[in-house]
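fold the following and give me the result.
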Amino acid sequence: MCDWCGGEFAAPRGPGRPPRYCRRSHRQRAYEARRLAGERGIGPDEVLLSRRTWERLRDALFQLEAASEDVAMDLMAGRPTKAEYVGALGHLSAAVRDLQEIAVEPIALGDD
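Okay, the predicted model is just below:
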């Protein structure tokens, strides 16, 4: 798994240390991010996100939480039908899709 983008890649077999990045550009961006983090005093467990990305992520998580609560309330009331289960699954799936559409990729140079 690439340490920059999280994508899977086939690591070559043979001697030497296994690669940590799926492509050279990701290795370079990781280096730039480490350098920038050092300049700004950001620890290795801290993350920078643009305000826009943070707001989209926060809103999508709220929608997923609300959808989950709605589904739980709807399905706990009486004996739900198959159609109600299908509707509830569709409601949850839509909230999950909204969350999946948010690209949270590391940003080395402060770009959005």
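
so where's the chain uncertain?
Within the chain, the ranges that satisfy pLDDT under 70 run 105-112.

tell me where it has helices.
Counting by DSSP state H, the chain has these helices, from start to end: 24-40, 51-76, 82-100.

domains in this protein, by residue range?
Listed by automatic domain parsing, the domain ranges of the chain are 1-46, 51-100.

and the ones you listed as CSV, adding mean neighbour count?
C-beta here means a position set from N, CA and C on the backbone, and glycine is covered the same way. Formatted as CSV, the domains of the chain follow (neighbours: other CB atoms under 10 Å):
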stretch, mean neighbour count
domain 1-46, 12
domain 51-100, 13
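
related to what we said a few turns ago, could the helices of the chain be laid out in JSON lines, adding distance to Ala11?
Output for the helices of the chain, formatted as JSON lines (distance: least, CB to CB, whole Å):
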{"stretch": "helix 24-40", "distance to Ala11": "13"}
{"stretch": "helix 51-76", "distance to Ala11": "30"}
{"stretch": "helix 82-100", "distance to Ala11": "27"}
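
and those helices: which comes nearest Gly6?
helix 24-40 (10.1 Å; CB to CB).

which residues does Ile102 contact?
53, 56-57, 60 (CB atoms under 8 Å, 6 or more residues apart in numbering).

6 Å instead?
56-57, 60 (CB atoms under 6 Å, 6 or more residues apart in numbering).

could I get the residues you listed in CSV, plus columns for distance to Asp3?
Shown next, in CSV, are those (distance: CB to CB, whole Å):
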residue, distance to Asp3
Arg56, 24
Leu57, 21
Ala60, 25
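
return the member of those residues nearest to Gly41.
Scanning the contacts of Ile102 for proximity to Gly41, where the rule is CB to CB, the winner is Leu57, at 23.7 Å.

skipping adjacent residues, who's closest to the closest one in space?
Nearest non-adjacent residue to Leu57, counting by CB to CB, 6 or more residues apart in numbering: Ile102, 5.4 Å away.

what's the answer for Gly7, then?
Counting by CB to CB, 6+ apart, the residue nearest Gly7 is Cys22, at 5.5 Å.

how close does the one you found get to Ala95?
According to CB to CB, to the nearest Å, Cys22 and Ala95 sit 30 Å apart.
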